[in-house]
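Novice: Give me a 3D structure for the following:
(one chain, ligands or ions: 2)
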Amino acid sequence: MTFLSLQLVQFRNHRKATYSFSPATTIVVGPNASGKTNLLEAIRLLSTASSFRGAEEATLVSWGKEHAQIRGEVLDGKETTRLTIHIQVDGDSGHTQKKLLVNNISRRTQDFIGHLPTVVFAPHELELVNGAPSLRRHYLDSILVQTNLAYKHALAEYEGGIRRRNKILERLQEGFGKRDELDFWDEHLGLHGTTLMEFRAKLFKFFVEQRNPMGIFFYTYIPSVKGISIKQRLVDTRERDIAAGMTLSGPQRDDFTFRFDGHDLALFGSRGEQRSAILNLKLLELRYLESVLDKKPLVLLDDIFSELDDAHRRLVFQAVSAHQSIITTTDERLVRRKRGLTMIELS
Ligand SMILES: Nc1ncnc2c1ncn2[C@@H]1O[C@H](COP(=O)(O)OP(=O)(O)OP(=O)(O)O)[C@@H](O)[C@H]1O
Ligand SMILES: [Mg+2]
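Specialist: Ligands and ions are numbered 1, 2, ... in the order given. Have a look, this model is predicted:
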């Protein structure tokens, strides 16, 4: 699989631009605030339909404009797939609409994702170690929606189900509605939530079985529900959920921890250790995507070399050398030159 080109219209600071990429390495070089991270963000949007910055869709449109477009072409075998995202913001109401198209045909999010698998290495990912659990869950989802149709489907059903169940809980909390309205949603969340947890557990099993490229790191899955089915837990804790007006247990409360040499990296890790743990995890993620998909993911490296020492830089280069990669940097001297290199200069 090769990511051929990207066309941006009114996407953040990119007014109108087209970029072509090498099947090997493309280096995007430019000073601070020239739009390097924005460019990778656009590619990641084509991959997962959501921003790696966790940004609201309205903020993706160039300031003062109402419409943005991202288009990309992916070559897979002999077939070229065109991926398009339109974002429309209503200037008055602020209401945002996102449209996803594959070969000019409108698609649901779950059918849009999967055409362009990517792995991102970016400095903001250090937050994965000690940031909020929601970041870690979002990270797990971003891997699994790219690899498993069943996961994508279960996630869409589960998230829809949680919203519906929470609405009912809010009404019950206020003294309206009937408790048995929850029965259907307990069943629904039990079914799809179990699928989510099974895939997450399998992913961690894969991590454990791998040889770590960067040290003895352990990533431990902490499921919200253990030793009992999700449905039974929902039934058992129904009154507590009603009192809270929301669903308090299930995969929307899962988490995972980072450990090194027996200690919790969020609490005791040095910044260097935390960075290595993330790089190590990213390399395992790359292996996982490769082992499940029959294509090699595109690797997006956002200005990570300035923070790494020589040994780590070499490890990352080695690990991604067999992949198509797009690397941003403010200083091209940090990036090793090799054949088949394309340069994109932003100013
Ligand atoms: N919606 C938007 N419309 C216009 N400009 C925007 C929008 N959102 C962000 N920007 C601007 O885009 C510019 C480039 O941001 P970006 O993060 O891509 O820079 P960068 O090249 O990665 O810089 P650095 O080297 O500091 O990481 C910033 O000045 C930012 O303020
Ligand atoms: Mg940047």
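
Novice: I'd like to know how far the residue in the stretch 101-250 of the chain that ligand 1 sits nearest to sits from ligand 2.
Specialist: When scored by C-beta to the nearest ligand atom, the stretch 101-250 of the chain has residue 123 as its residue closest to ligand 1, at 8.5 Å. Quick note: C-beta positions are derived from backbone N, CA and C, even for glycine. Taking C-beta to the ion, to the nearest Å as the measure, residue 123 falls 8 Å from ligand 2.

Novice: and that residue, what is it in contact with?
Specialist: Residue 123 sits next to 302-304, 307 when contact means C-beta atoms under 8 Å, 6 or more residues apart in numbering.

Novice: and ligand 1, which of those reach it?
Specialist: residue 303 (C-beta under 6 Å from any ligand atom).

Novice: need the contacts of residue 123 in a markdown table with secondary structure, neighbour count and pLDDT, can you?
Specialist: Compiled in a markdown table, the contacts of residue 123 are given as follows (DSSP: H, G, I helix; E, B strand; the rest coil; neighbours: other C-beta atoms under 10 Å; pLDDT from 0 to 100):
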| residue | secondary structure | neighbour count | pLDDT |
| --- | --- | --- | --- |
| 302 | strand | 22 | 95 |
| 303 | coil | 20 | 90 |
| 304 | coil | 23 | 87 |
| 307 | helix | 13 | 79 |
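
Novice: Ligand 1: which of the contacts of residue 123 is nearest?
Specialist: The closest of these, once distances to ligand 1 are taken by C-beta to the nearest ligand atom, is residue 303, at 5.6 Å.

Novice: if you skip the residues just before and after it, what's nearest to that closest one?
Specialist: residue 328 (5.1 Å; C-beta to C-beta, 6 or more residues apart in numbering).

Novice: number of nearby residues for the one you found?
Specialist: 26 (other C-beta atoms under 10 Å).

Novice: start the count at 45, not 1, going forward
Specialist: Fine by me, first position is 45 from now on; the one you just mentioned is residue 372.

Novice: Regarding it, what is its secondary structure?
Specialist: With DSSP: H, G, I helix; E, B strand; the rest coil as the basis, residue 372 sits in strand.

Novice: Who are the contact partners of it?
Specialist: Going by C-beta under 8 Å, 6+ apart, residue 372 touches 71-74, 80-81, 83-84, 345-347.

Novice: List the beta-bridge partners for it.
Specialist: Note on residue 372: beta-bridge partners by DSSP bridges are residue 72, residue 346.

Novice: And the pLDDT for it?
Specialist: We have a pLDDT of 95 for residue 372.

Novice: Residue 100 now?
Specialist: pLDDT for residue 100: 90.

Novice: again with residue 352
Specialist: At residue 352, the model reports a pLDDT of 83.

Novice: Regarding the closest residue to it other than its chain neighbours, what is its secondary structure?
Specialist: The shortest distance from residue 352 to any non-neighbouring residue, by C-beta to C-beta, 6+ apart, is to residue 360 (7.0 Å). Judged by three-state DSSP, the three-state class of residue 360 is helix.
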